[in-house]
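Peer 1: build me a structure from this.
(2 chains)
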There are 2 protein chains.
Amino acid sequence: MDSVLASIESGQQAALDGLFDFLRIPSVSADSAFKDDMQRCAQFVRDAMQSAGLTPEIISTDGHPIVYGERMQDPSLPTILVYGHYDVQPPDPLDLWTTPPFEPTVRDGKIFARGATDDKGQLYTHIKAIEAWVQETGSLPVNVKVLIEGEEEVGSDNLDRFLEANKERLKADVAVISDTSQYGDGIPAITYGLRGIVAAELRLTGPSRDLHSGVFGGSIANPANAIAKLCGLLVGDDGRIQIPGFYDGVEELSDKEKAEFAGLPFSENDFLQEVGAGAVFGEAGYSTLERRWSRPTCDINGIVSGYTGEGPKTIVPSTAMAKITCRLVPSQNPDVILDALESFLKQHCPPGLQFEFERYHGCEAFAFDPNSPWITAASEAVAAAFGQPPVFIREGGSIPVVSSFQQILGIDTLLLGWGRNTDNLHSPDEHFHVDDFMNGVRASVHLWQKLSEVSVDR
Amino acid sequence: MDSVLASIESGQQAALDGLFDFLRIPSVSADSAFKDDMQRCAQFVRDAMQSAGLTPEIISTDGHPIVYGERMQDPSLPTILVYGHYDVQPPDPLDLWTTPPFEPTVRDGKIFARGATDDKGQLYTHIKAIEAWVQETGSLPVNVKVLIEGEEEVGSDNLDRFLEANKERLKADVAVISDTSQYGDGIPAITYGLRGIVAAELRLTGPSRDLHSGVFGGSIANPANAIAKLCGLLVGDDGRIQIPGFYDGVEELSDKEKAEFAGLPFSENDFLQEVGAGAVFGEAGYSTLERRWSRPTCDINGIVSGYTGEGPKTIVPSTAMAKITCRLVPSQNPDVILDALESFLKQHCPPGLQFEFERYHGCEAFAFDPNSPWITAASEAVAAAFGQPPVFIREGGSIPVVSSFQQILGIDTLLLGWGRNTDNLHSPDEHFHVDDFMNGVRASVHLWQKLSEVSVDR
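Peer 2: Take a look at the predicted model:
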């Protein structure tokens, strides 16, 4: 492995040149004006995989193509599914960029370009590491299957269908994704848990038109009062969600996890500064990080009824609507939660109102056992490259592809983020530290070795 | 009085001709295109008052003019302040009118025109009755002060200032307004109570921007959840308002009033049909009419926060706003109620949110003692004209001028409505039954006689 690592050092400029070529392609999936560039970018990824010793192909979808390539070294070795996405967010507003978004530029040790960290720069580390292994040793310590899609920034509409149709082909022991971040500057992290989500819309209809609140007020249920009441009952004064059965089976964090979270550098003042809120508020008995990463929520994302313009208007509104999402933690089933939410709301709905409850797509939470040998192996690889062991964190959000891998392919995902939260993801002046890029490549070199040592049942 | 009444019968066509001239003037106060017509209409009213034996003048305001005239017969007689408004609602949508809004036409015994019932037709009954008295007897049994404004349909912005500036000039024992309706077809009514109102806007601000509900959900107060909670707490499951002190001093209806309400023709099915609601809902222990007329309310008139478009959006909104009105009943003080509302909301507001509470203009409830000799006198006048005694009702809405007369001039108002709820007020094909118009004139003739018999302290 030493010669592989040595080739990374000597090949740094070539790797950066390759990355810059990748970043120059404006692969904006949301805008059909860039359709040809998306094709060109898929070809770039295919060529890069080819150079890395994989057998790639471009697979058409109803949207932008998927690039898939594999290198099956030996069926007895662990098989790793690597995922990334070559599409990027739209670069607007352009005038806030210091240098143009598709002309990658290095300043202060950072590569500035749209997609630098999300996700071209991060996914490219794995391709370069595989290439180094193959070119230096003619082999890889593991089997790899590399799946790079072009629709992550627009909802991955065609990914699940591809996974469903290629279950056997994509069979693997574990997945690796580098599309998250380090915990803080110089604090590499492995994200071993994500919250799931369910989403729904509640609609109440009362009178057939807005009524005069003087003539009719007090004699029929007011949909605005009612929706406020229903939504207001969801979370108690202690921050606990009041839906019966909501917490059934929800596991507490282990003492080790609590200690790990508590040991992370975290300033509540800095946090409040960042979000601009006056105080923290959440479920009693939990820290802010615990609340964000490991406890379920019930948030009203939007609510509207009646007159919302200037000044007063004396009506009893005809209709009311609220959008509700619950973030889920492991062991909470999305359908069960939606059932419980719907019946809780229905049960408290005043008489005379028409009650409608529309369900949107949801996904389960994800948690990788932090004591798993995969995590240990990945941790050692990260430590070897970044010079210090990663912290083990969770994220409060959901990453749908992780949920898809879990549900469709039956595998867990190692979330190994080389970037930083401060890299301006989705914003002007997106960037990726050159050091983070190179450490990512090194970590990936170590990763294939470390993962090869995990014993798998065949 | 017989000769006065006889002159009404013989003068019917002349009265209708006069009314038609009045109705032909498009006195739309909301639209500046009709400014000259407003002037012309004020002149019409002045001339009509002049013919009726009053000493009228047109008084400029910052908006449309007020026409005021009086006939002080004898200082020892009761003095009656008659109020009406010569401005009308805009006639749109024009294509829904069977005949043009400013070309009065009689069909099926009804006068069709904008303003026919609201309020030109109704106010004109009093002018014609005064005229008949003066022309037949050379005198009036009471002193009258007639105040006709031109801004009722646009909020009466200049009326209160006029009242404040002319308290002595407008001094009277009681006011008379015909700008309400009979209870039902052929059931004349005296409206002896109106609810008051207070209005406020609640604004909550949380994070400085909409936050990702996955990354941040559960760790800070969500303004949408919070506003739902605060608004949802206002009314209990039993329809009772939960603000401490809200019902302090609120008087129950007398048994006589309850019996009167219960004796009115009222079909709950027809009511639900009319409003299009599935069931009645309100304060436990009260009938629908009692709830609408004599019990206070707390209605959310509008609420908005976060994302309200199509599909889900996973945010914790930054801000939330709700508009709240309370309908008040006698003995509830608007300021006290707003104080109680504000502190109730503030007390339940989760930590970390900025709380803003904006108060709008409000007014007290109004209730004329149904046993007052003024009511008895008016009742006898109505009975004599309409052939049956009026029912005694209240209205759930507020009529600001009644509140102004009470607060600025210190007098109660007799609300004597000659029109019907089905007269298409504010809608196309507004109309006024010829019979109702003529009964209104007759009732007014009786009214001056009956009111003259009420003994007043000087």
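Peer 1: which residues does the residue of the stretch 351-458 of chain A found nearest chain B contact?
Peer 2: Going by Cβ to the nearest Cβ, chain B is nearest to A:G397 of the stretch 351-458 of chain A, at 2.8 Å. Quick note: C-beta positions are derived from backbone N, CA and C, even for glycine. By Cβ atoms under 8 Å, 6 or more residues apart in numbering or on different chains, the residues touching A:G397 are A:L194, A:R195, B:H212, B:G214, B:V215.
Peer 1: what helix or strand is the last one on?
Peer 2: It refers to B:V215. helix B:213-216 (DSSP states H and E).
Peer 1: does any part of that helix sit near chain A?
Peer 2: Yes: judged by Cβ under 8 Å from any Cβ of the partner chain, helix B:213-216 and chain A are in contact via B:S213, B:G214, B:V215, B:F216.
Peer 1: local confidence estimate at the first one?
Peer 2: So that's B:S213. On pLDDT, B:S213 comes in at 93.
Peer 1: excluding chain neighbours, give the residue nearest to it in space.
Peer 2: B:T314 (4.4 Å; Cβ to Cβ, 6 or more residues apart in numbering or on different chains).
Peer 1: does that neighbour really touch A:G196, like I thought?
Peer 2: No: B:T314 lies out of contact with A:G196 (Cβ atoms under 8 Å); the separation is 11.9 Å.
Peer 1: circling back to that earlier point, the residue nearest to B:S213: how many residues sit nearby?
Peer 2: B:T314 has 21 neighbours, counted by other Cβ atoms under 10 Å in any protein chain shown.
Peer 1: let me see the contact set for it.
Peer 2: Counted by Cβ under 8 Å, 6+ apart, B:T314 has contacts A:I197, A:A199, A:N301, A:T325, B:H212, B:S213, B:G214.
Peer 1: same question, A:S3
Peer 2: Contacts of A:S3 by Cβ under 8 Å, 6+ apart are A:E136, A:T137.
Peer 1: that one and A:A377, how far apart?
Peer 2: A:S3 sits 21 Å away from A:A377, taking Cβ to Cβ, to the nearest Å as the criterion.
Peer 1: nearest residue to A:N225 other than its sequence neighbours?
Peer 2: Nearest one to A:N225, counting by Cβ to Cβ, 6+ apart, is B:I300 at 4.9 Å.
Peer 1: quick one, phi psi at that neighbour?
Peer 2: Main-chain dihedrals, B:I300, degrees, to the nearest 10: phi -80, psi 120.
Peer 1: over to the one 3 residues further on?
Peer 2: With angles defined as degrees, to the nearest 10, B:I303 shows backbone torsions of phi -150, psi 140.
Peer 1: beta partners for it?
Peer 2: Beta-bridge pairing for B:I303 (DSSP bridges): A:S305, B:A322.
Peer 1: what about the helices in chain A?
Peer 2: In chain A, the segments counted as helices under DSSP state H are A:2-10, A:12-24, A:35-51, A:120-137, A:159-165, A:213-216, A:223-232, A:255-263, A:268-275, A:288-294, A:334-347, A:373-386, A:400-404, A:434-452.
Peer 1: same list (those helices) but as CSV, adding distance to B:D160.
Peer 2: Converted to CSV, the helices of chain A look like this (distance: least, Cβ to Cβ, whole Å):
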stretch, distance to B:D160
helix A:2-10, 83
helix A:12-24, 68
helix A:35-51, 65
helix A:120-137, 68
helix A:159-165, 66
helix A:213-216, 20
helix A:223-232, 30
helix A:255-263, 62
helix A:268-275, 46
helix A:288-294, 53
helix A:334-347, 45
helix A:373-386, 74
helix A:400-404, 61
helix A:434-452, 69
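Peer 1: highest average neighbour count across these?
Peer 2: Here the criterion is mean neighbour count by mean count of other Cβ atoms under 10 Å in any protein chain shown, and of these the winner is helix A:223-232, at a mean of 27.
Peer 1: quick one: mean pLDDT for stretch A:255-265?
Peer 2: 95.
Peer 1: now do it: distance to the chain's middle.
Peer 2: Centroid separation between stretch A:255-265 and its chain, computed with Cα atoms, centre = their mean, to the nearest Å, is 22 Å.
Peer 1: can you pull up the most central residue in chain A?
Peer 2: A:I399 (3.1 Å; Cα atoms, centre = their mean).
Peer 1: can I see the domain layout of chain A?
Peer 2: A:2-194+A:365-452, A:196-258+A:294-359 (automatic domain parsing).
Peer 1: how distant is the last one from the center of its chain?
Peer 2: Here the centre of mass of C-alpha atoms in domain A:196-258+A:294-359, compared against the chain's by Cα atoms, centre = their mean, lies 26 Å away.
Peer 1: how long is it end to end?
Peer 2: The first and last residues of domain A:196-258+A:294-359 sit 15 Å apart, counting by Cα to Cα, to the nearest Å.
Peer 1: is A:S294 in contact with A:Y192, as I believe?
Peer 2: No: using Cβ under 8 Å, A:S294 is not in contact with A:Y192, being 11.0 Å away.
Peer 1: mind listing the shared neighbours of those two?
Peer 2: A:R394.
Peer 1: closest to B:L414 out of the helices of chain A?
Peer 2: Nearest to B:L414 among the helices of chain A is helix A:213-216 (19.7 Å), distances taken as Cβ to Cβ.
Peer 1: on that earlier part again, and the residue nearest to the centre of chain A, what is it in contact with?
Peer 2: A:I177, A:D179, A:T180, A:L194, A:F366, A:L415.
Peer 1: the last one and A:A199: what is the separation?
Peer 2: It refers to A:L415. 23 Å.
Peer 1: again, but for the fifth one
Peer 2: Taking Cβ to Cβ as the measure, A:F366 falls 17 Å from A:A199.
Peer 1: higher neighbour count, those two?
Peer 2: A:F366 (26 against 22).
Peer 1: what sits against the more buried one?
Peer 2: A:G193, A:L194, A:G196, A:P330, A:I399, A:V402, A:S403, A:Q406, A:D412, A:T413.
Peer 1: and it, how close does it get to A:N421?
Peer 2: From A:F366 to A:N421 the distance is 20 Å (Cβ to Cβ).
Peer 1: next, count neighbours for the nearest residue to A:V134 once chain neighbours are set aside.
Peer 2: In this structure, A:V134 finds its nearest non-sequential neighbour in A:G53, 3.4 Å apart by Cβ to Cβ, 6+ apart. As a burial measure, A:G53 scores 18 neighbours (other Cβ under 10 Å).
Peer 1: what's the pLDDT at A:G53?
Peer 2: 98.
Peer 1: likewise for A:D185?
Peer 2: According to the model, A:D185 scores 86 on pLDDT.
Peer 1: I'd assumed A:T422 was in contact with it.
Peer 2: Yes: the criterion here is Cβ under 8 Å, and A:D185 meets it with A:T422 at 7.4 Å.
Peer 1: residues contacting the nearest residue to A:E201 once chain neighbours are set aside?
Peer 2: Nearest non-adjacent residue to A:E201, counting by Cβ to Cβ, 6+ apart: A:E358, 4.5 Å away. Listed by Cβ under 8 Å, 6+ apart, the contact partners of A:E358 are A:A200, A:E201, A:R203.
Peer 1: ok, 10 Å please
Peer 2: Residues near A:E358 by Cβ atoms under 10 Å, 6 or more residues apart in numbering or on different chains: A:A199, A:A200, A:E201, A:L202, A:R203, A:M321, A:K323, A:E342, B:G311, B:P312.
Peer 1: report the buried members of the residues you listed.
Peer 2: The neighbour-count test (16 or more other Cβ atoms under 10 Å in any protein chain shown) marks A:A199, A:A200, A:E201, A:L202, A:R203, A:M321, A:K323, A:E342, B:P312 as buried among the contacts of A:E358.
Peer 1: is the second one bridged to anything, and to what?
Peer 2: Right, A:A200. Here A:A200, judged by DSSP bridges, has bridge partners A:I324, A:R359.
Peer 1: need the per-residue pLDDT for it.
Peer 2: pLDDT, read off for A:A200, is 97.
Peer 1: what does the last one give?
Peer 2: Each residue has a pLDDT score; the one for B:P312 is 87.
Peer 1: before we move on, what about the fifth one?
Peer 2: On the pLDDT scale, A:R203 is placed at 98.
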